[in-house]
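S.K.: output the structure for:
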Amino acid sequence: MSRKRQRAYRAGLWGERLAAALLMLKGYRILHRRCRTGAGEIDLIARRGPVLVFAEVKTRKGGATPEAVHPAQAARLVRAGNAFLGAHPHYGGLDVRFDVILTGGLSWPRHVKSAWRADTDSKTAIF
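M.R.: From the prediction side, this is the model:
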């Protein structure tokens, strides 16, 4: 792995830790970090009350923007969320939300709630 790629990887891990800290400060309980499913990886899975959050964390050197999440990535997260729920049916009665946490630069992380939702087929994302 090149040095540039290693720096980006470490920055991404730092961004995920910062995002998890932000969610915990907001009263969420982190259930899983970097959860791998057959459909893809979910950066953070958190719960607060009746809401289960699947969060995608985006870290950019100058600060990430919501456009950093492409529709294909959002659809992958929807499929990964469905795979997680299939493997953990005890979370099935909770409200599901797909959030994005944007980190990087010198600013505090930005939490975008309900950045998209699952389509009726539960395989694609609607922004």
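
S.K.: helix or strand right after the longest helix anywhere in the chain?
M.R.: Determined from DSSP state H, the single longest helix within the chain is helix 3-25. Going down the chain from helix 3-25, the next helix or strand is strand 29-37, by DSSP states H and E.

S.K.: and that next one, what's buried?
M.R.: 30, 33, 35, 37 (16 or more other CB atoms under 10 Å). Glycine gets a C-beta too; all of them are placed from N, C-alpha and C.

S.K.: cool, and stretch 90-102?
M.R.: Buried-residue list, stretch 90-102, by 16+ other CB under 10 Å: 96, 97, 98, 99, 100, 101, 102.

S.K.: export those to CSV and tack on secondary structure, pLDDT and distance to residue 25?
M.R.: Below are the buried residues of stretch 90-102 laid out as CSV (DSSP: H, G, I helix; E, B strand; the rest coil; pLDDT from 0 to 100; distance: CB to CB, whole Å):
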residue, secondary structure, pLDDT, distance to residue 25
96, strand, 95, 22
97, strand, 95, 18
98, strand, 94, 20
99, strand, 95, 15
100, strand, 94, 17
101, strand, 94, 12
102, strand, 92, 16
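
S.K.: still on that earlier bit, most widely separated two among the buried residues of strand 29-37?
M.R.: 30 and 37 (16.8 Å; CB to CB).

S.K.: residues near residue 70, how many?
M.R.: 10 (other CB atoms under 10 Å).

S.K.: now do it against residue 84, distance only.
M.R.: Counting by CB to CB, to the nearest Å, the gap from residue 70 to residue 84 is 21 Å.
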